[in-house]
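*Asks:* sequence plus the predicted model coming up.
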Amino acid sequence: MREITVALAKGRLANKAMELFEQMGISCEEMKDKSSRKLIFVNEELGIRFFLAKANDVPTYVEYGAADIGIVGKDTILEEGRKLYEVLDLKMGKCRMCVCGPREAKERLQHHELIRVATKYPRIAKDYFYNRKYQTVEIIKLNGSIELAPIVGLADVIVDIVETGSTLRENGLDVLEEVCGLSARMVVNQVSMKRENERISRIIKGMQQLVREEKP
């Protein structure tokens, strides 16, 4: 029997996802050994294996079939734009993608002025401003603390993930517009969905049941 391969975004999301798999009866004892330097963790009895990857890489592994299933944030799925099936919202790690900046920038957004936008998510920002707001903007890709950009005058606004908003408030910034809601999703390789439909569908249905039972 061919093994089903699952790619998990490293960190809290992977830990939470494995808790869900365990509740479904799919465990992987090897993963509990924090000192292990293994890259791939296998449950031979169930014919399933797991590996941890950087979040940005998970959609790539899934698109190219190196993983049949991936668990990763919606922000990464949108930004990477890979060809895959998004099959389930796991309702974990809920947050929002927002346009943020100083309060006075709101008027420039409303009047569709040409503004500079700093972000770690240029694809999401471009889609929002060009295809939904029909506003021409200059997008500046950054990798570090995005909140710094409007404070030092590099950009008028930022597009970033907002959880509590406390970092924004501490730096005199506000949420000006919401781009979309975000949470962890299960994605599946398009060929695997056809070839391993029965086994993958069983995993999806098991996860669906658990997500329904989780308290909102």
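*Replies:* Received, thanks.
*Asks:* residue nearest the centroid of the chain?
*Replies:* What sits nearest the mean C-alpha location of the chain, by Cα atoms, centre = their mean, is G73, with 1.7 Å.
*Asks:* same for the longest strand along the chain, what does it pack against?
*Replies:* Identified as the longest strand of the chain according to DSSP state E is strand 174-182. Contact here means 3 or more Cβ pairs under 8 Å, 6 or more residues apart in numbering; DSSP states H and E; on that basis strand 174-182 packs against helix 74-80, strand 95-101, helix 105-110, strand 157-162. (Each C-beta comes from the backbone N, C-alpha and C, glycine too.)
*Asks:* now mean pLDDT too, for the ones you listed, in a markdown table please.
*Replies:* Written out in a markdown table, the entries for those read as follows (pLDDT from 0 to 100):
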| stretch | mean pLDDT |
| --- | --- |
| helix 74-80 | 97 |
| strand 95-101 | 97 |
| helix 105-110 | 92 |
| strand 157-162 | 97 |
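*Asks:* related to what we said a few turns ago, just checking: what are the partner strands of the helix or strand that the longest strand of the chain is followed by?
*Replies:* Using DSSP states H and E, the helix or strand that follows strand 174-182 in sequence is strand 184-188. The strands beside strand 184-188 in its sheet (DSSP bridges) come out as strand 69-73 (antiparallel), strand 85-89 (antiparallel).
*Asks:* next, the angle from the last one to strand 174-182.
*Replies:* Which is strand 85-89. Between strand 85-89 and strand 174-182, the angle comes out at 110 degrees (axes from the mean of the first three to the mean of the last three Cα atoms, to 10 degrees).
*Asks:* can you pull the buried residues of strand 85-89?
*Replies:* For strand 85-89, a neighbour-count test (16 or more other Cβ atoms under 10 Å) marks Y85, V87, L88 as buried.
*Asks:* just the CA trace of the longest helix anywhere in the chain, in PDB.
*Replies:* In the chain, ranked by residue count with DSSP state H as the criterion, the top helix is helix 197-213. C-alpha atoms of helix 197-213 as PDB (Å, rounded to 0.1, in the frame of the first residue of the first chain):
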ATOM      1  CA  ASN A 197      -9.800   9.400  -3.200                       C
ATOM      2  CA  GLU A 198     -11.100   6.900  -0.800                       C
ATOM      3  CA  ARG A 199      -8.200   7.200   1.700                       C
ATOM      4  CA  ILE A 200      -7.900  10.900   1.500                       C
ATOM      5  CA  SER A 201     -11.700  11.400   1.700                       C
ATOM      6  CA  ARG A 202     -11.700   9.300   4.900                       C
ATOM      7  CA  ILE A 203      -9.100  11.700   6.400                       C
ATOM      8  CA  ILE A 204     -11.000  14.800   5.300                       C
ATOM      9  CA  LYS A 205     -14.300  13.400   6.800                       C
ATOM     10  CA  GLY A 206     -12.600  12.500  10.000                       C
ATOM     11  CA  MET A 207     -11.200  16.100  10.300                       C
ATOM     12  CA  GLN A 208     -14.500  17.600   9.400                       C
ATOM     13  CA  GLN A 209     -16.200  15.700  12.200                       C
ATOM     14  CA  LEU A 210     -13.600  17.000  14.700                       C
ATOM     15  CA  VAL A 211     -13.800  20.600  13.500                       C
ATOM     16  CA  ARG A 212     -17.600  20.500  14.000                       C
ATOM     17  CA  GLU A 213     -17.200  19.100  17.500                       C
END
